[in-house]
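Student: Curious how this folds, go ahead:
(one chain, ligands or ions: 2)
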Amino acid sequence: MNIRQSIRQKRRELSLAQRNNAQTIIYQKIKNHPAVSQAQHIAIFLSFDGEVDTKPIIEYLWQQNKSVYLPVPVADHQLLFLNYSPKTPLIKNKFGILQPAIDETSSITIEQLDIVFTPLVAFDERGYRMGMGGGYYDRALANYQKQQILPIGLAFACQKVAKLDNQPWDIKLPEIIYA
Ligand SMILES: Nc1nc2c(c(=O)[nH]1)N(C=O)[C@@H](CNc1ccc(C(=O)N[C@@H](CCC(=O)O)C(=O)O)cc1)CN2
Ligand SMILES: Nc1ncnc2c1ncn2[C@@H]1O[C@H](COP(=O)(O)OP(=O)(O)OP(=O)(O)O)[C@@H](O)[C@H]1O
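Tutor: Numbering: from 1, shown residues only. Ligands and ions are numbered 1, 2, ... in the order given. Just a heads-up that it's a prediction; the model follows:
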């Protein structure tokens, strides 16, 4: 089994108690995060495959009157970020992940985002990430520094590896919140 598959399996196999403990710590870190307090436009994702459960984070962001956006995979491995409010109807995309139905009027360009909470399968000390293999986030975040976007990875500690062999297109996350 390759490392993507083996870490996805480890992540799915975390017990409910392990998950809840870690998620409580992660939520606390987000609530105390100065950049999150200052941000207005925040992209996050709806969890699947054992990812950190983002629902409570989204509820918190809504409570704080932040504008929340979800990734929508489109052609050429591009991501669209669409507004997500408590009223937004969700549909399942081809990966089985819930997303808002495509509605161009609610999409935001990447450079308008302040923070992009980024899903990942594995990460290393340096902040390199391995994702699901579509290259969606590597493309979306290719120029994040110039665009003054703060990508923040969200993960469980079991997703950390010593060193990923990174490719030229791999972005390095400046911050990963994990527990
Ligand atoms: N919650 C969440 N949303 C996300 C991502 C993510 O990692 N997590 N993505 C991060 O990029 C994008 C979706 N990327 C994905 C890429 C591949 C597969 C996947 O399961 N691939 C299967 C084959 C799928 C198929 O039938 O076509 C596989 O590799 O076995 C899923 C999501 C956008 N939304
Ligand atoms: N900035 C980019 N421009 C063009 N192609 C890219 C870019 N980033 C990644 N790719 C292509 O996308 C493919 C998948 O990349 P990779 O395996 O690193 O994805 P990933 O980070 O695991 O997935 P994701 O970001 O969707 O979670 C690679 O074959 C790579 O050639």
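
Student: CA atoms for contacts and neighbours, from now on please.
Tutor: OK.

Student: Around ligand 2, which positions in the protein sit nearby?
Tutor: Applying CA under 6 Å from any ligand atom, we find that the chain lies next to ligand 2 at 130-139, 142, 169-170.

Student: D170 touches G127, doesn't it?
Tutor: No. Judged on CA atoms under 8 Å, D170 makes no contact with G127 at a distance of 10.1 Å.

Student: one step back: return the subset of the residues of the chain next to ligand 2 lying in strands.
Tutor: With DSSP state E as the criterion, strands contain M130 from among the residues of the chain next to ligand 2.

Student: Buried subset of the residues of the chain next to ligand 2 as a PyMOL selection?
Tutor: PyMOL command restricting these to the buried ones, with burial defined by 16 or more other CA atoms under 10 Å:
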select buried, resi 130+131+135+136+137+138+139+170
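
Student: Using CSV, lay out the residues of the chain next to ligand 2 together with distance to Q18 and pLDDT.
Tutor: Formatted as CSV, those follow (distance: CA to CA, whole Å; pLDDT from 0 to 100):
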residue, distance to Q18, pLDDT
M130, 22, 98
G131, 22, 98
M132, 23, 97
G133, 26, 96
G134, 28, 96
G135, 29, 97
Y136, 29, 98
Y137, 27, 98
D138, 29, 98
R139, 32, 98
A142, 33, 98
W169, 33, 96
D170, 30, 97
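
Student: Farthest-apart pair in the residues of the chain next to ligand 2, please.
Tutor: M132 and A142 (16.6 Å; CA to CA).

Student: List just the nearest of the residues of the chain next to ligand 2 to Q148.
Tutor: Looking across the residues of the chain next to ligand 2 and measuring by CA to CA, the closest to Q148 is A142, at 11.7 Å.

Student: Enumerate the residues of the chain near ligand 1.
Tutor: 45-48, 71, 73, 95, 119-120, 131-134, 136-137.

Student: Next step: those restricted to helices.
Tutor: Using DSSP state H, the subset of the residues of the chain next to ligand 1 located in helices is Y136, Y137.

Student: just the residues of the chain next to ligand 1 now: which is nearest Q38?
Tutor: Relative to Q38, the closest of the residues of the chain next to ligand 1 is F45; by CA to CA it sits at 19.7 Å.

Student: Now do the same contact list for the closest residue to that closest one other than its chain neighbours.
Tutor: With CA to CA, 6 or more residues apart in numbering as the criterion, F45 has its nearest non-adjacent residue at 5.3 Å, and that residue is L70. By CA atoms under 8 Å, 6 or more residues apart in numbering, the contact set of L70 is A43, I44, F45, L46, F81, L82, N83, Y84, Q99, P100.
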